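# I need the structure of the sequence given here:
(2 chains)
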Amino acid sequence: MKLKEKLIELLLQLFTSVTIFTTIGIIVVLLFESISFFSNVSIIEFFTSTKWTPLFSEKHFGILALASGTILTSLIAIGIALPVGLTIAIYLNMYASKSFRKLIKPFLEILAAIPTVVYGFFALAFVTPVLQEIYPNLETFNSLSAGIVMGIMIIPFISSLSEDALYAVPKSLKEAAFGMGSTRFQTAFKVMVPAASSGIVISVILAISRAIGETMIVAIAAGQQPQFTLNPTIPVQTITSYIVQVSMGDAPQGSLEYQTIFAAGLTLFVFTFLLNSFSFYVKKKYQEKYE
Amino acid sequence: MNNHQKNRIIDLTFKVYGFLFTAISVLILFILLYAIIKAGYSRINWDFLTGLPSRKPENAGIYTAIMGTFYIMVVTLIISIPVGVGAGIYLEEYAKKNGLTNFLEINISNLAGVPSIIYGLLGLGVFVRFFGFGGSILSGALTLSLLILPVIIVATREAIKAVPSSLRDASFAMGASKWQTIQYVVLPTSFGGILTGIILALSRAIGETAPLIVVGAMAYVPFAPKSLFDTFSVLPMQIFTWTTRPQTGFAVAASGAIIILLLITFIMNGIAVYFRNKWQKQLQ
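Coordinates of the predicted model:
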């Protein structure tokens, strides 16, 4: 009896340790292949060259060309998702009736549940043609359309996490502001948003991290041409869509081409790890505790 | 105009904006659904569901992709449910509050934020190459299992937390051991919550494309998989390959496949919401 109890605890402990091995696995795999990569390619070129052409005969390995694609599409996405998502959160928390909120929230949840490959197809087949009506010089593959649709995908993350943060602010603060004669707008922006700021900042950081790691939308709608540019109307390639491009081919293990996706992956992992750690830091340090 | 009036106008303006932004977001959802249904509904028929992929868009079907998705999901569930629920139970019922547990928790929340394509690279390096499983069902399912593990663990912990401690105490007072208490009291009471978490995690896994591309999901698979070591395609992978073809016929086929994928996703989310509501009522 005692033995069985002990064995079960050991088994559960083993299951929990899978999470540790996952992290170790990610780091070891990325580092292992990246070290081989950097024994062939100078680390200075990797971080300073603005050309990324590992698949051509004249090879350049400048991650900036991919990173600029990632940053450009993410900036457009956050530029849409932050104002819209935050406005929705404040509207639902401060203005909307309870029944309206109950009606609208499931739809926002559906928006978050749609697979990203569907958003990618929507961007390429429907949003890009509409944008081309307005701006005829827009190319078929571009970061504008991909970024906008990615922004739409991220709206529910910001709106629901920010609303949770607003909801956690004690009612007394809100009522005190109303009691002083503040309008709902003044209460929202002078009391509620500052009080919930750490939660809102966390929601935005997680949204950025999500945008940087997003793959299918950019792989389908933003193109496959690494360009060091901030022009949203031309094709670009992100770190993630480069990994997809190489994976769709058949890169033999040990080839430089195979190693590039791990070096690109490591860069991406470091990016998102820093962002996630920063959000964790904000949570620990600034989360206001209300009794 | 005095200050008071000005403030009222600002207040009203923001109210209108807030309503518009909310309404437009929901409207976009309907536009997306409408556009895809309009483009793809003509392809939804028995031949499409049971047909093999083809070079000719009007003959192309999704049978092998659906079977691939089905097998991958079954294997993913077999792996991720015991490990995820087990880890959730351990952290909630066994783990002591110490530095190690704190580290485990931080690590899990960090894993939840790792982009899915990185899990693909992990699967490629470990399962496909190191263990030599190749671009198989097994490699794909192991990779997706690790991806959804944090979701299942967090859901399990939340569900177990909701179990009143009086129930546990009663069980211990009757002389039950720790595991007996978990098996006969904690798990049955938290079952609804755990189930909801598992369904939501699975619905996320079904829509995942990027990690499976990296571990080697195929653009064209002529047979439904028969063993764990067979190559595979999945529904989102099929959609992706069709979107990259220039012929318009493939865009229609992709829309048809998206309708099926969205149906599966929405039905699973609906079931999850149903179980969540039922379970929450039960708890009260």
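# residue ranges for the helices of the chain, please.
I went with chain A, as the question did not name one. A:2-40, A:43-48, A:63-90, A:98-113, A:116-122, A:128-134, A:143-167, A:171-179, A:184-187, A:193-195, A:197-213, A:216-221, A:239-248, A:256-286 (DSSP state H).
# Oops, wrong one, chain B.
Under DSSP H, chain B gives helices at B:3-40, B:46-50, B:63-89, B:99-112, B:116-123, B:137-161, B:165-173, B:178-181, B:187-207, B:210-215, B:235-243, B:248-283.
# could those go into TSV alongside mean pLDDT?
Listed next are the helices of chain B as TSV, based on pLDDT from 0 to 100:
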stretch	mean pLDDT
helix B:3-40	93
helix B:46-50	89
helix B:63-89	95
helix B:99-112	92
helix B:116-123	97
helix B:137-161	96
helix B:165-173	92
helix B:178-181	93
helix B:187-207	93
helix B:210-215	95
helix B:235-243	94
helix B:248-283	91
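# Tell me which of those sits nearest to A:Leu161.
helix B:99-112 (13.3 Å; CB to CB). (C-beta placed from N, C-alpha, C; glycine too.)
# Any part of stretch B:236-255 near chain A?
Yes. Contact of stretch B:236-255 with chain A (CB under 8 Å from any CB of the partner chain) involves B:236, B:239-240, B:243-244, B:251, B:254-255.
# Filter those down to the buried ones.
B:236, B:239-240, B:243, B:251, B:254-255 (16 or more other CB atoms under 10 Å in any protein chain shown).
# related to what we said a few turns ago, may I ask which two of the residues of stretch B:236-255 next to chain A are separated the most?
B:Pro236 and B:Ala251 (15.7 Å).
# Tell me which residues are up against stretch B:176-184.
The contact list for stretch B:176-184, computed with CB atoms under 8 Å, 6 or more residues apart in numbering or on different chains, reads A:1, A:4-5, A:8-9, B:89, B:93-94, B:168, B:171-172, B:185.
# re earlier: redo the helices of chain B as JSON lines? Include distance to A:Val118.
Below are the helices of chain B laid out as JSON lines (distance: least, CB to CB, whole Å):
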{"stretch": "helix B:3-40", "distance to A:Val118": "7"}
{"stretch": "helix B:46-50", "distance to A:Val118": "17"}
{"stretch": "helix B:63-89", "distance to A:Val118": "14"}
{"stretch": "helix B:99-112", "distance to A:Val118": "22"}
{"stretch": "helix B:116-123", "distance to A:Val118": "15"}
{"stretch": "helix B:137-161", "distance to A:Val118": "18"}
{"stretch": "helix B:165-173", "distance to A:Val118": "42"}
{"stretch": "helix B:178-181", "distance to A:Val118": "43"}
{"stretch": "helix B:187-207", "distance to A:Val118": "8"}
{"stretch": "helix B:210-215", "distance to A:Val118": "13"}
{"stretch": "helix B:235-243", "distance to A:Val118": "7"}
{"stretch": "helix B:248-283", "distance to A:Val118": "5"}
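# can you tell which of those is closest to A:Ser279?
Closest among the helices of chain B, using CB to CB: helix B:99-112, at 9.4 Å.
# and that closest one, which residues are buried?
B:104-105, B:107-108, B:110-112.
# do stretch A:236-252 as well
For stretch A:236-252, by 16+ other CB under 10 Å, it's A:236-248, A:251.
# go on, stretch B:166-183?
Applying 16+ other CB under 10 Å to stretch B:166-183 flags B:168, B:171, B:176, B:178-182 as buried.
# CA atoms only for it, dumped as CSV, please.
The C-alpha trace of stretch B:166-183 is given here as CSV (Å, rounded to 0.1, in the frame of the first residue of the first chain):
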residue,chain,number,x,y,z
SER,B,166,-13.7,20.0,3.0
LEU,B,167,-14.2,17.2,0.5
ARG,B,168,-10.5,16.2,0.8
ASP,B,169,-10.6,16.5,4.6
ALA,B,170,-13.7,14.2,4.7
SER,B,171,-11.9,11.6,2.7
PHE,B,172,-8.8,11.7,4.8
ALA,B,173,-10.9,11.5,8.0
MET,B,174,-12.5,8.3,6.6
GLY,B,175,-8.9,6.8,6.5
ALA,B,176,-8.3,7.2,2.8
SER,B,177,-4.8,7.5,1.6
LYS,B,178,-3.6,10.5,-0.5
TRP,B,179,-3.9,8.7,-3.8
GLN,B,180,-7.3,7.2,-2.9
THR,B,181,-8.5,10.7,-2.1
ILE,B,182,-7.2,12.0,-5.4
GLN,B,183,-8.6,9.1,-7.3
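# From the chain's centroid, how far away is that stretch?
33 Å (CA atoms, centre = their mean, to the nearest Å).
# correct me, but A:Ile155 touches A:Leu111?
Yes. Between A:Ile155 and A:Leu111 there is a contact at 6.8 Å, judged by CB atoms under 8 Å.
# higher neighbour count, those two?
A:Ile155 (29 against 21; other CB atoms under 10 Å in any protein chain shown).
# Can you name the residues that contact A:Ala125?
A:Ala125 neighbours (CB under 8 Å, 6+ apart): B:35, B:39, B:243, B:251, B:255.
# Check the residues you listed and tell me the two furthest apart.
B:Ala35 and B:Thr243 (14.0 Å).
# center of the chain - which residue?
Just so you know, I chose chain A. A:Arg210 (1.5 Å; CA atoms, centre = their mean).
# Please refer instead to chain B.
Nearest to chain B centroid, counting by CA atoms, centre = their mean: B:Arg204, 1.6 Å.
# Quick check: closest non-adjacent residue to that one.
B:Ile148 (6.4 Å; CB to CB, 6 or more residues apart in numbering or on different chains).
# Compute the number of surrounding residues for the one you found.
Neighbours of B:Ile148 (other CB under 10 Å): 27.
# ok, back up a step: looking at the helices of chain A, which is nearest to chain B?
Among these, the nearest to chain B by CB to the nearest CB is helix A:197-213 (2.5 Å).
# related to what we said a few turns ago, can you pull the contacts of the residue nearest to B:Arg204?
B:76, B:80, B:84, B:201-202, B:204-205.
# Distance check, the residue nearest to the centre of chain B against B:Leu262.
14 Å (CB to CB, to the nearest Å).
# May I have the predicted confidence score for A:Ala177?
The model reports A:Ala177 with a pLDDT of 93.
# just checking, it touches A:Phe189?
No. Counting by CB under 8 Å, A:Ala177 does not reach A:Phe189; the two are 10.5 Å apart.
# ok and the residue in the stretch 151-284 of chain B nearest chain A?
Counting by CB to the nearest CB, the stretch 151-284 of chain B gets nearest chain A through B:Gly207, at 2.8 Å.
# What is the neighbour count of that residue?
Residues near B:Gly207, counting by other CB under 10 Å: 23.
# measure it to A:Ile63 for me?
29 Å.
# Count the residues that sit near residue 279.
Went with chain A since none was named. 21.
# if you could check chain B rather than the one you did, that'd help
B:Trp279, neighbours per other CB under 10 Å, totals 19.
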